[in-house]
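Q: please work out how this folds:
(one chain, ligands or ions: 1)
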Amino acid sequence: MGSTGREAEVARADFPDGFVFGVATSAYQIEGARREGGKGDNIWDVFTEDKERVLDRSNGDIAVDHYHRYREDIELMASLGFRAYRFSISWARIFPDGLGGKVNEQGVAFYNNLINFMIAKGIEPYATLYHWDLPNNLQKTLGGWISEKIVDYFALYAEACFANFGDRVKRWITINEPLQTSVNAYGIGVFAPGGCEGETARCYLAAHHQILAHAAAVDVYRRKFKAAQGGEVGLVVDCEWAEPFSEKAEDQIAAQRRIDFQLGWYLDPIYFGDYPESMRERVGNDLPTFSEKDKEFIRNKIDFVGLNHYTSRLIAHHQNPGDIYFYQVQQVERIEKWNTGQKIGERAASEWLFIVPWGLHKLLNYIAKKYDNPPIYITENGMDEEDDQSATLEQALNDTTRVGYFKGYLASVAQAIKDGVDVRGYFAWSFLDNFEWAMGYTKRFGIVYVDYKNGLARHPKASALWFSHFLKVIATVCIHHNNHRCAV
Ligand code: GBH
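A: Residues are numbered from 1 along each chain as shown. Presented below is the predicted three-dimensional model:
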């Protein structure tokens, strides 16, 4: 299928020797074991107790049971040829009440086992500290990311992780997609802890404190761990490419504004010391201000940009857009088709996900130009299919559209590298089918199929096998030519 008509061709040799290929997951989406190992409740545990919150009324209590099956999962990952794994640490396993008083040794032991096993199998750990699963106690007692106090609690948690795992983990990500926590969690409320309709200021506060918390964690790392451990700390932002709907100046400006409200919101403060001007203009007093001290503190507190990217949209200027206040503030309209009726790309299962490989090429060039060519890791990229209860296993494993998706997007990354963009790695989302937040288990993002009806058995899909082939071709060639540059 594929949106470009003809499928892109791409090979491992189109990427530099040291380029990292991995897969990504997050704790709440795969681990399960909600009440095991001394873990405390997090906001998703509590949010999903209200069955109406999730499309299939499910939750992550068991998820895909990775907590008990991590060895099998890592072995499969290694056998497919992946050499890096981006996973997230569950805050409430380390500090069950979030307060940072005393680490939960069982939680530390779980991640020690996971990391040690990974390394034994030749897989480099990329650890995310926060992928949306805030200890519920911090929500209950402080209001979570709405409170400025969260910054100190996050720094304590980050420090505990650096201290316990940093001898082996050299690539850290502080926060996954702060945009989603701001807009979908504290703003609109489709994600935990659930929002508060009408109180738009909440989402800007949640963003503000995430930026400060990120910087505080990087600060701890640089002061106390960097010299001995020698690792790097980045932030993962998510951004769609915003393609102007027309040549009209107002559409061009709207598309830029859309990127400001997704990417600039988080990266501008860190690289330039303040929010984008377009946000200040539109949001006004709801947008918090950074003190001079804050500005100084957050400036350049980042070693690499992690980019989660899935899709692109046509963006037009709009005077009176739809019903969601966040877009009212932006005053942009997101469109799926050009005037010709041609769609921007085929749709995946999720309503928001169109297959637009060229959008990634444009976005990577945009980031390089805007932020002075920082090191970039693509920390998530992928697509989903519907959980089809009537499909046979054989049909479910034959994910040819996803193979086309990866080929197209990887070719786009290779092109950006040729343009001079400093992209260092790529992680497919996701290794396993998993709990897709408000969509529950109705959407499957995995390159490995999880059979929910038969003991959660894992079966690699065609895309996993395609990746395996893609990754191993060069290894064979290198060994053959005894080319030391390629020897890993
Ligand atoms: C990523 O977010 C997440 O990091 C990851 O955990 C997740 O599994 C993956 O995407 C796939 O979704 O239509 O109102 O439900 C990507 C950004 C944020 C895009 C939520 C889609 C859906 C909002 N996504 N958004 S809604």
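
Q: tell me the residues of the stretch 1-150 of the chain that contact the ligand?
A: S26 (Cβ under 6 Å from any ligand atom). C-betas here are computed from N, CA, C, even on glycine.

Q: can you map out the helices along the stretch 1-150 of the chain?
A: With DSSP state H, counting those that start in this stretch as the criterion, the stretch 1-150 of the chain has helices at 27-30, 43-47, 66-80, 91-94, 105-120, 136-142, 150-165.

Q: just name the most buried of those.
A: Mean neighbour count (mean count of other Cβ atoms under 10 Å) peaks for helix 91-94 among the helices of the stretch 1-150 of the chain, with a mean of 28.

Q: helices or strands next to that helix in the packing?
A: Here helix 91-94 touches helix 105-120, helix 150-165, going by 3 or more Cβ pairs under 8 Å, 6 or more residues apart in numbering; DSSP states H and E.

Q: now those helices in TSV, with mean pLDDT?
A: Supplementary listing: the helices and strands packed on helix 91-94 in TSV, determined by pLDDT from 0 to 100:
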stretch	mean pLDDT
helix 105-120	99
helix 150-165	98
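
Q: can I get those helices in a markdown table including distance to Y221?
A: Shown next, in a markdown table, are the helices and strands packed on helix 91-94 (distance: least, Cβ to Cβ, whole Å):
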| stretch | distance to Y221 |
| --- | --- |
| helix 105-120 | 17 |
| helix 150-165 | 6 |
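
Q: give me the below-cutoff pLDDT ranges for the chain.
A: Where the chain drops to pLDDT under 70, the residues are 1-6, 197, 321-323, 474-488.

Q: rerun that using 80 as the cut-off
A: For the chain, the stretches with pLDDT under 80 are 1-8, 195-199, 321-325, 473-488.

Q: for the ligand, what are the nearby residues on the stretch 351-488 of the chain?
A: W352, E380, W429, E436, A438, F445.

Q: nearest to Q210, of those residues?
A: Q210 lies nearest to E380 out of those, by Cβ to Cβ, at 17.6 Å.

Q: surely that closest one meets C239?
A: No. Counting by Cβ atoms under 8 Å, E380 sits too far from C239 to count as a contact (11.3 Å).

Q: between those two, which contacts overlap?
A: Residues touching both E380 and C239 (Cβ atoms under 8 Å, 6 or more residues apart in numbering): N308, H309.

Q: strands along the stretch 201-350 of the chain, start to end?
A: Using DSSP state E, counting those that start in this stretch, the strands of the stretch 201-350 of the chain run over 232-238, 241-244, 304-308, 312-317, 332-335.

Q: outside of the third one itself, list whatever touches it.
A: When you say that, I think you mean strand 304-308. If you take Cβ under 8 Å, 6+ apart as the criterion, strand 304-308 is touched by 173, 176-177, 232, 234-239, 267, 363-364, 367, 371, 374-381, 424, 429.

Q: pairing partners for that strand, with directions?
A: Looking at strand 304-308 with DSSP bridges, its partner strands are strand 232-238 (parallel), strand 376-380 (parallel).

Q: can you tell if it touches the ligand?
A: Yes. Applying Cβ under 6 Å from any ligand atom, one finds strand 304-308 touching the ligand at N308.

Q: the second one now?
A: No. Strand 241-244 stays clear of the ligand (Cβ under 6 Å from any ligand atom), getting no nearer than 13.2 Å.

Q: how about the helices in the stretch 201-350 of the chain?
A: Counting by DSSP H, counting those that start in this stretch, the helices of the stretch 201-350 of the chain are 201-220, 226-229, 249-259, 265-272, 277-283, 292-298, 325-330.
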